[in-house]
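Asker: build me a structure from this.
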Amino acid sequence: MPPISDVIAFAIASFLIIIIPGPSVLFTIGRGISYGKKAALVNVAGNSVGMFTGSLAVAIGIGTFVQSSDIAYALVGVLGGGYLVYLGYDAVKTRKDVAQALVTKSDPKPTAQLFKQGFVVGFLNPKSLVFFAAILPQFVDRSQGQIILQMIFLATVFFVIAVISDGTWGIVAGTARNWLAETPNRIEKISGAGGLIIIALGVSVIISAFNR
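Answerer: As a prediction, this is how the structure comes out:
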């Protein structure tokens, strides 16, 4: 385990990065607005596991490769952004179904599907991979050895902070959705708006991948 002082410094740096609304936060907000608190929290779980898996990839060198290769960075960005655009389009297309699901008190999306979608978005986030590749090594004590284990420990710290922060965003968005969703017509508009947010986010991710 890295020195406690390094762990605290890493936790502070992670918190400052996480609380700033980025792809994961905006995606969670979009899901919360479209489908409610439960869906948002499932999305947070999948997204966080995806980011954690990405941090493990960094530990074995994939993140460093993405950081050093413009082509790899752009490819991951296009894949991640394209997937977001697809999910946003799906949310807009099925907004009437979401409204009907609200009336019948049923879940518009299977939990496993929401988790999987969150995972893909979290894993295919080039900024996260580069963040892990650039930041994790800075807080590793090479004199203690076991570099990979130290990185995994720090990634776990990041994971816990991300779950708490993103979960809070999801609950807030889901609560706002429940407050506004007094009629099917209203929730239909809200769901469509959530989808448009996700589409815009996907486009921004793709653009940023080519403006490194």
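
Asker: tell me the centre residue of the protein?
Answerer: Ser24 (2.7 Å; Cα atoms, centre = their mean).

Asker: look up how far Ser204 lies from that one.
Answerer: 13 Å (Cβ to Cβ, to the nearest Å). Glycine gets a C-beta too; all of them are placed from N, C-alpha and C.

Asker: touching, Ala45 and Gln117? I think so.
Answerer: No. The pair Ala45 / Gln117 is not scored as a contact, 11.4 Å apart, by Cβ atoms under 8 Å.

Asker: quick one, which of these two is more surrounded?
Answerer: Neighbours around Ala45 and Gln117, counted as other Cβ atoms under 10 Å, are more numerous at Gln117. The numbers are 23 against 20.

Asker: now name the helix or strand holding the residue nearest to the more buried one when sequence neighbours are not counted.
Answerer: Computed as Cβ to Cβ, 6 or more residues apart in numbering, the closest residue to Gln117 that is not its neighbour in sequence is Leu87, at 5.9 Å. Using DSSP states H and E, Leu87 maps to helix 70-93.

Asker: list the helices and strands that helix packs on?
Answerer: helix 23-35, helix 62-68, helix 111-123, helix 126-135, helix 184-209 (3 or more Cβ pairs under 8 Å, 6 or more residues apart in numbering; DSSP states H and E).

Asker: distance of Pro2 from Leu149?
Answerer: 10 Å.

Asker: buried residues in the lengthiest helix in the chain?
Answerer: Criterion DSSP state H: the longest helix present in the chain is helix 147-180. Of all the residues in helix 147-180, those buried under the rule 16 or more other Cβ atoms under 10 Å are 150-155, 157-159, 161-163, 165-167, 169-171, 173-174, 177.
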